[in-house]
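Participant: Any chance you can model this:
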Amino acid sequence: MSGGDFPPEIESLFGKRYTYNKDPTWLLPSPSEVLTSEHEEFPHLLSLKESLNNVKNLLSDKKLDEWHRHTSYTNKAGRVVPEVRKQANAELCTQAWCKFHEIVSTYPLIPNSALWDSELNSVHLCEAPGAFIASLNHYVKTQELHCDWTWVANTLNPYHEANDGMVMIADDRLIANTLPWWYFGPDNTGDIMTLKYLNGLQQFLRNMSTVHLITADGSFDCQGNPGEQESLVYPLHYCEVVTCLNTLGPGGSFVLKMFTLLQHSSVNLMYLLNCCFQEVHIIKPGTSKAGNSEVYVVCLSYIGKETFQELLTKMTAHFEEEIGSKALFPHKSLPTSFLESHSKCCTFFYQHQTKTILENLHLFLQMGEKEQAHLDCLRETAVMYYLQSFQIKYIPRKQWLVRKPQVGCSLNARWLGTRNRRTDTYNERKQLETLTWHEKVARGYFSSWLEDHIQGVTSNGCLLEGSRSGLRYEEWYLLQGQRLTRIQSSPFCDSELLNTFNETIESCHGDEAGSLPGCTFCSLQVTDRLVSEVLHRVDNGHHVLVIGAAPLFEALRHRHVAVDFVKSTAPQQLLSVLHDGDPLYQQQLFDSVLCSLQQLPSGGTLVLPILSSLTRFTAGVVYICIIASRSLAFPVQPVSLPLAAMLHSCVGGTDLCLVWPTNTSSNYLPTRS
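Facilitator: Next up is the predicted model:
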């Protein structure tokens, strides 16, 4: 097919675009009027929101997994991503990759000044896992833009344990191999919704002559309250916009993901952007699922912050206050012509979204062979349209950002895609929120975790091998950041499992928490294996040093096994949502390991109990044990329960050291530092 030969459904799919026609009356109000008035919604836009939510409510009784499978099939652009990945050899080719390539191929995001100076500088906010960067790299290479491209990226740090694992992207495939280009801020969290991050970013970018392009692809998981997605995400959008206006150079471009633009807060942001850029466009990429509210705001030719510095300073100071508590601009500051244009924009995308949802509902209830054949034809046609219209070209791997991964594998690769196990409906999820932990237990809500635990054997026989070669101790450094108050995520543990564990701890009060029985299934198996392993070491002439593991030491002594025992002040059990993030415990653990490795002769065996290995600190201690050895094995149970022992082995000198965590997620121990 060529140009005009595509079906109208495909032309419509890739034609969801709107452009604001700027008017000379569109001027920024006086700084004295900014953030002083109360929000006052617009009746017409509010009626659109109510109508859209009524349509969305029709999905409340649909099972999540069933509805997702259905809409994945009815998505006309559903086959674009795998085809682009195959034909273009695209790095990190995801739906986000294809959306950005569609945007950068539609609008002149790269200013002429960047091409004239042969220098392109871009900043990517809320970027994990990095698909926009990979897509931009592909575009620069295939369009043969001969410029020196430098990029800096931000996201919620997937390695910081205080970040909520259910709201951040844990996929670190690109991050792990391009870490110097990622800026997580002074507190190491990557949270851009703080003034200290904004100030730190300006310092981090000080060597860039100018910033030509900024993208912001941030969002929150709003499944719990989808009808209020716009208001829930607004504080993040506000911070993304203010960060852009403080950072972007004159003439630069900005791409911002937003959702419905129906509330006063969003209307104000759109007016601000229209006043700060020469052109503002809204696009719903064809590769964005047509039934959701996602749109991208494309802003071209930035006028520069010098023209409204006082207003921007006031907006920046608002970072330290409750964002959204006051309206950015009062009603009177918004010209009628802008409101009319914005209303047309909202109506346009509202009609497309509601039409798609209703079509999907119709097909969900009845889809015959004729409808399936028509959909299959459209899906194939959408692939052809995308490949032709956006000039998809092949690049060799040597032109990727990560030509050869320096890190063996991503920490999170083993559970990518398993974050949301829910198969219930929205109504069922809301009912679940009303249940206490004890009621969930009584109804068997946690039964699947127990079944996985009892049946799990995935960790048995695992082995880590370390080598001193290639280590550069001079490059090691201390990393400081925000102090932990609880472990909300870990690179070494599934987020949903960790949340369930924390909920269990928090629901057990006082003495009840301290007297939780251990898992008999685990403790018997692991203790027997641990004793057998130590006996085997002793029989082979190893010097065995047991640190702080009194129960194990007693078991060995009763068998008249000659082992040394070193008392440790590190606690044997700590039921807390801080887990091994407790500073006192970390100090005692580190001191124990340091002392032990100094005492242990070459070829000796060390037994060290650890509470858990959820933090980077404990992972670092384990890593030190690895490089002091030839190997580290952990024939263990794969799921953590209170007091459930697990076995590690690591080396003291040249042979084996046993590390015995008593309260951890054994399936997710570090494979690297």
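Participant: Now do the same contact list for the closest residue to residue 174 other than its chain neighbours.
Facilitator: Closest residue in space to residue 174, ignoring its immediate chain neighbours: residue 130 at 3.5 Å, by CB to CB, 6 or more residues apart in numbering. C-beta: built from backbone N, CA, C; applies to glycine. Contacts for residue 130 (CB atoms under 8 Å, 6 or more residues apart in numbering) come out as 92, 124, 153, 173, 174, 175, 178, 401.
Participant: and what of residue 499?
Facilitator: 165, 166.
Participant: Least confident secondary structure element in the chain?
Facilitator: Here the helix or strand of the chain ranked lowest by mean pLDDT, DSSP states H and E is strand 648-650, holding a mean of 27.
Participant: re the thing from before, could I get the contacts of residue 130 as a markdown table with distance to residue 266?
Facilitator: Shown next, in a markdown table, are those (distance: CB to CB, whole Å):
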| residue | distance to residue 266 |
| --- | --- |
| 92 | 30 |
| 124 | 22 |
| 153 | 25 |
| 173 | 33 |
| 174 | 30 |
| 175 | 30 |
| 178 | 33 |
| 401 | 33 |
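Participant: Single out whichever of these has the smallest pLDDT.
Facilitator: Lowest in pLDDT among the contacts of residue 130 is residue 173, which has 89.
Participant: helix, strand or coil for that one?
Facilitator: Residue 173 falls in the coil class when you classify it by DSSP: H, G, I helix; E, B strand; the rest coil.
Participant: quick one, phi/psi of it?
Facilitator: For residue 173, the backbone dihedrals (degrees, to the nearest 10) come out as phi -60, psi -40.
Participant: hey, where'd the strands end up in the stretch 251-400 of the chain?
Facilitator: 253-258, 277-283, 295-302 (DSSP state E, counting those that start in this stretch).
Participant: Please apply the same query to the stretch 101-250 of the chain.
Facilitator: Using DSSP E, counting those that start in this stretch, the strands of the stretch 101-250 of the chain run over 119-125, 148-153, 213-216.
Participant: Give me the nearest residue to the most centrally placed residue in the chain, chain neighbours excluded.
Facilitator: For the chain, residue 169 is the residue whose C-alpha lies nearest the centre (CA atoms, centre = their mean; 1.1 Å). Excluding its sequence neighbours, the residue lying closest to residue 169 (CB to CB, 6+ apart) is residue 128, at 3.8 Å.
Participant: leaving aside the residues next to it on the chain, what's closest to residue 590?
Facilitator: residue 621 (6.1 Å).
Participant: Sorry, wrong one. I was asking about residue 286.
Facilitator: residue 14 (3.7 Å).
Participant: tell me the contacts of the one you found?
Facilitator: If you count contacts by CB under 8 Å, 6+ apart, then residue 14 has 102, 285, 286, 382, 385, 386, 389 around it.
Participant: Look up phi and psi at the spatially closest residue to the last one that is not a sequence neighbour.
Facilitator: Ranked by CB to CB, 6+ apart and with sequence neighbours excluded, the top spatial neighbour of residue 389 is residue 14, at 6.8 Å. Geometry field for residue 14 lists phi and psi as phi -100, psi 10, criterion degrees, to the nearest 10.
Participant: is it true that residue 164 touches residue 486?
Facilitator: No. Here residue 164 does not reach residue 486: they are 10.1 Å apart, not a contact under CB atoms under 8 Å.
Participant: Please report how far the nearest residue to residue 301 once chain neighbours are set aside lies from residue 348.
Facilitator: Of all residues beyond its chain neighbours, the one nearest residue 301 is residue 278 (3.6 Å), with distances taken as CB to CB, 6+ apart. Separation of residue 278 from residue 348 (CB to CB, to the nearest Å): 22 Å.
Participant: ok, the two, which is more surrounded?
Facilitator: residue 348 (15 against 12; other CB atoms under 10 Å).
Participant: need the contact list for the more buried one.
Facilitator: Contacts of residue 348 (CB under 8 Å, 6+ apart): 16, 18.
Participant: Got the confidence number for it?
Facilitator: 98.
Participant: Repeat that for the one 10 residues further on.
Facilitator: Reported pLDDT at residue 358 in the predicted model: 97.
Participant: picking up where we left off before, angles on the backbone of the residue nearest to residue 590, please.
Facilitator: Taking degrees, to the nearest 10 as the convention, residue 621 sits at phi -60, psi -40.
Participant: before we move on, what about residue 261?
Facilitator: Torsion angles at residue 261 (phi, psi; degrees, to the nearest 10) stand at phi -120, psi 40.
Participant: Can you tell me how far it is from residue 19?
Facilitator: With distances taken as CB to CB, residue 261 is found 14 Å from residue 19.
Participant: neighbour count winner among these two?
Facilitator: Neighbour count, other CB under 10 Å: between residue 261 and residue 19, residue 261 has more, with 23 against 13.
Participant: ok, the nearest residue to the more buried one once chain neighbours are set aside - how many residues close by?
Facilitator: With CB to CB, 6+ apart as the measure, residue 346 is the residue that lies nearest to residue 261, at 5.5 Å, once sequence neighbours are left out. Residue 346 is flanked by 25 other residues according to other CB under 10 Å.
Participant: Just confirm residue 346 contacts residue 263, I think it does.
Facilitator: No. Look at residue 346 against residue 263 with CB under 8 Å: they stay out of range, at 10.3 Å.
Participant: Identify the contacts common to those two.
Facilitator: residue 45.
Participant: just checking, what's the longest helix in this protein?
Facilitator: For the chain, the helix with the greatest residue count under DSSP state H is helix 336-365.
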